[in-house]
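Peer 1: Return atomic coordinates for the entry below.
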Amino acid sequence: MKKMTLSLGCILTLLILAMIALCFFQSPSFDDYVPLYLKKEFGQFGSIHWYLSERNGRFSTIPLFLLMAASDNFIALYPYLLIFFILFSILAIYFFLRTISRELFTASPGKSQLLLLSAIVTFTFLAVVPEVATYYYWFATSITYLFPFSLFLLYLAAWCSFLGKEKKWKYAIILFLLGMLLGGCNEV
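Peer 2: Next comes the predicted model:
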């Protein structure tokens, strides 16, 4: 059993590394160029105001998108931004699984088992995402869909901790902040 778990862990690690390597073959397209145009048209903060008042109300993700994508280094940083979102989603899954296993089960899995479960959940998630290429490998959709999904997992983990802990005020603050961020993502 241990040998099979190790083999599965190696395979999933290689697949995640392949996912990360694919980020270096991506380049900005379509919506990724809108922030640069808006920055030239309205200025950096004027573009944020215009987008939030004229296009949509994603007050959590749109400012980040417009600030990052209008940067002078955006094209050079593009693969690293995609890698950040992929790793952030895997870490959010790991944190979620660690929290619920600690709060709900008497014997929690170890770190290696949680990493393995996180990889399994990540690839299960990939199986149900309509378009993996745009969901993971396009900055505009990574910040619009993958980032809020990760925040939602952290939100669920915070609820689980809130319900199981004595110092509820800390988790109430975390829940409030995550709730505000999620409300501003408009996609969850």
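Peer 1: Does Leu67 touch Phe45 like I think?
Peer 2: No - in terms of CB atoms under 8 Å, Leu67 does not count as a neighbour of Phe45; the distance is 9.2 Å. Where C-beta positions appear, they are placed from N, C-alpha and C, glycine not excepted.
Peer 1: okay, now Met19: neighbour count?
Peer 2: Using other CB atoms under 10 Å, Met19 is surrounded by 20 other residues.
Peer 1: ok, how many other residues are close to the residue lying closest to it once chain neighbours are set aside?
Peer 2: Setting aside the residues directly before and after it, Met19 is nearest to Ile86 in space (CB to CB, 6 or more residues apart in numbering), at 6.0 Å. Ile86 has 21 neighbours, counted by other CB under 10 Å.
Peer 1: Next one: Ile86 from Leu17, what distance?
Peer 2: 11 Å (CB to CB, to the nearest Å).
Peer 1: any idea how far the residue nearest to Gly164 when sequence neighbours are not counted is from Ala157?
Peer 2: Distances taken as CB to CB, 6+ apart put Glu103 closest to Gly164, at 4.3 Å, once the chain neighbours are dropped. Summarising the geometry, the distance separating Glu103 from Ala157, computed by CB to CB, is 9 Å.
Peer 1: ok, now Thr13?
Peer 2: According to CB to CB, Thr13 and Ala157 sit 23 Å apart.
Peer 1: Could you do Ile48 as well?
Peer 2: 30 Å.
Peer 1: on that earlier part again, does anything pack onto the helix or strand hosting the residue nearest to Gly164? Which helices or strands?
Peer 2: Taking DSSP states H and E as the definition, Glu103 sits inside helix 74-104. With contacts taken as 3 or more CB pairs under 8 Å, 6 or more residues apart in numbering; DSSP states H and E, helix 74-104 sits against helix 2-22, helix 61-69, helix 111-128, helix 132-137, helix 139-141, helix 147-164.
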